[in-house]
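Visitor: Everything below, folded, please.
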Amino acid sequence: MKTYPLESIDLETAKNFQFRMTDAITKAFTGKESLTRGDLGVVPGLNKPVSTWKAEQAIAEFFDAEAAMLVRGSGTGAIRYALFSVLKPGQTLLVHKAPVYSTTETSIRMLGLKTVEADFNEPDDIRRVMKAHPEIRAALVQYTRQVPEDRYDMAQVVKTIKECVDIPVVTDDNYAVMKVRNIGTQCGADLSCFSTFKLQGPEGIGCIVGKKNFIDALVKEHYSGGSQTQGWEAMEVLRGLVNAPVALAVQAQVTDTLADRIRQLPGIRDAFVANAQSKVLIAEFEKPVARQVLQEAEKLGALPNPVGAESKYELAPMFYRVSGTFRKEDPGREERMIRINPNRSGPQTILRILEQAMAVCSG
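Guide: The predicted model follows:
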């Protein structure tokens, strides 16, 4: 199968990301403030903890954005808030012609939005659809691949949309942040959304970066004290953003080096790298043994499911079924394919677990 995984940053670039994120923190916080767990509550004049406000400033600087906002609800919550900020119920959203990520589909229904599809892999199709549907008021572009054959470039998609009509573009940057050189807003989009839990941060905190007018409007709507990201959570977000780039670059190196080695194993039909949604290895078996291999791999130490998809808790490699969007396109993939995410493990650990699990299934 031909796939088009995103190009991961190399280790040197990842180190530079770490340095730049730390530099942004030093501009927002004093040294003493950096050594605290942050404050709590709704500070008069800010309606949020001071440390949360400062963390948002540091994040905005790192991503070359006008503003940033930490929200509850993780990546899903960030996307939901962003769509709310650019659209009204009943308005039309442009989406890729592919299965929409399940929680995003739920958000679209909750907000009462209509959708129109265009094939983002084909700029001419975007132009055709935009011309045929002048009612489109915003676009949502997922950075990672929704189906294995996706090959579109984020910057090109955003540019094509805005050349047709300058509508707000929201990007779902989950599984791409700190792995690629530029997030959606750095490619011309208006708002980028992602989960900080996927970046070694705390549970349940999402982030929106981008245009100040949209984020300021969200801050006004997001006034409840119980909705605020507390200081200790904001500080954990920053620590995760500092630590994630190098760890993820090493993970990408392991992923890229393993496909050929797995492809040579007896019982393997194919192996390739794909963004599903994380950049992972997809192993395809000659026989429909995927379920059994996953059961045996767990006994050998592999994680049987994600916690936050590359969260701080996920150290061992994950052996898991292929993603929902991949299964939706071809249900048979669940019987013959698995995805492997190295997390913090090395190649030998993954090969050992896979070979031993396959040996039990074939024996």
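
Visitor: C-alpha from now on. contacts and neighbour counts both.
Guide: Noted.

Visitor: can you pull out the strands in this structure?
Guide: 67-72, 92-96, 114-118, 136-142, 169-172, 191-195, 205-210, 268-275, 279-285, 318-321, 337-341 (DSSP state E).

Visitor: Find me whatever residue is spatially closest to Glu355, sequence neighbours aside.
Guide: Spatially, and ignoring its direct neighbours in sequence, Glu355 is nearest to Leu265 (7.8 Å; CA to CA, 6 or more residues apart in numbering).

Visitor: residues in contact with Val170?
Guide: Taking CA atoms under 8 Å, 6 or more residues apart in numbering, we find Val170 in contact with 79, 82-83, 138-141, 184, 189-193.

Visitor: If any of those residues are buried, give me the ChimeraX selection for them.
Guide: In ChimeraX, this line selects whichever of those come out buried by 16 or more other CA atoms under 10 Å:
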select :79,82,83,138,139,140,141,184,189,190,191,192,193
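
Visitor: any idea which of the contacts of Val170 is closest to Val50?
Guide: Cys193 (22.1 Å; CA to CA).

Visitor: list the contacts for the closest residue to that closest one other than its chain neighbours?
Guide: For Cys193, ignoring the flanking residues on the chain, the nearest one in space by CA to CA, 6+ apart is Ile208 at 4.6 Å. Going by CA under 8 Å, 6+ apart, Ile208 touches Ala68, Met69, Leu70, Val71, Ala78, Ile79, Ala82, Leu191, Ser192, Cys193, Phe194, Ile215.

Visitor: ditto for Ala55
Guide: Ile25, Ala28, Ala234, Met235, Leu238.

Visitor: returning to what we had before: phi and psi next, for the residue nearest to Glu355.
Guide: Leu265 adopts backbone torsions of phi -70, psi 140, taken as degrees, to the nearest 10.

Visitor: when you give positions from now on, start the count at 4
Guide: Right, with 4 as the first residue, what we last looked at is Leu268.

Visitor: how about the nearest residue to Tyr7 once chain neighbours are set aside, what does it touch?
Guide: Leaving aside its sequence neighbours, Tyr7 sits nearest to Arg154 (CA to CA, 6+ apart; 5.3 Å). Under the criterion of CA under 8 Å, 6+ apart, the neighbours of Arg154 are Thr6, Tyr7, Pro8, Asn124, Arg148.

Visitor: Only the buried subset of those residues, as a PyMOL command please.
Guide: Buried subset of the contacts of Arg154, written as a PyMOL selection, criterion 16+ other CA under 10 Å:
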select buried, resi 7+8+124+148
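
Visitor: Make TSV out of the contacts of Arg154 and add distance to Leu306 and pLDDT.
Guide: Converted to TSV, those look like this (distance: CA to CA, whole Å; pLDDT from 0 to 100):
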residue	distance to Leu306	pLDDT
Thr6	25	79
Tyr7	26	82
Pro8	23	82
Asn124	33	97
Arg148	23	87
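
Visitor: okay if I get the contacts of Arg154 as CSV plus distance to Thr232?
Guide: Output for these, formatted as CSV (distance: CA to CA, whole Å):
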residue, distance to Thr232
Thr6, 38
Tyr7, 36
Pro8, 33
Asn124, 37
Arg148, 30
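
Visitor: Which of the contacts of Arg154 sits closest to Lys162?
Guide: Once CA to CA is applied, the member of these that ends up nearest Lys162 is Asn124, at 13.1 Å.

Visitor: residue contacts, that closest one?
Guide: Asp153, Arg154, Tyr155, Asp156.

Visitor: what ranges do the helices span in the chain?
Guide: 14-31, 34-37, 53-65, 77-89, 105-113, 126-135, 157-167, 215-224, 234-266, 293-302, 327-332, 336-339, 350-365 (DSSP state H).

Visitor: mean pLDDT lowest for which of those?
Guide: Across the helices of the chain, helix 327-332 has the smallest mean pLDDT, namely a mean of 68.
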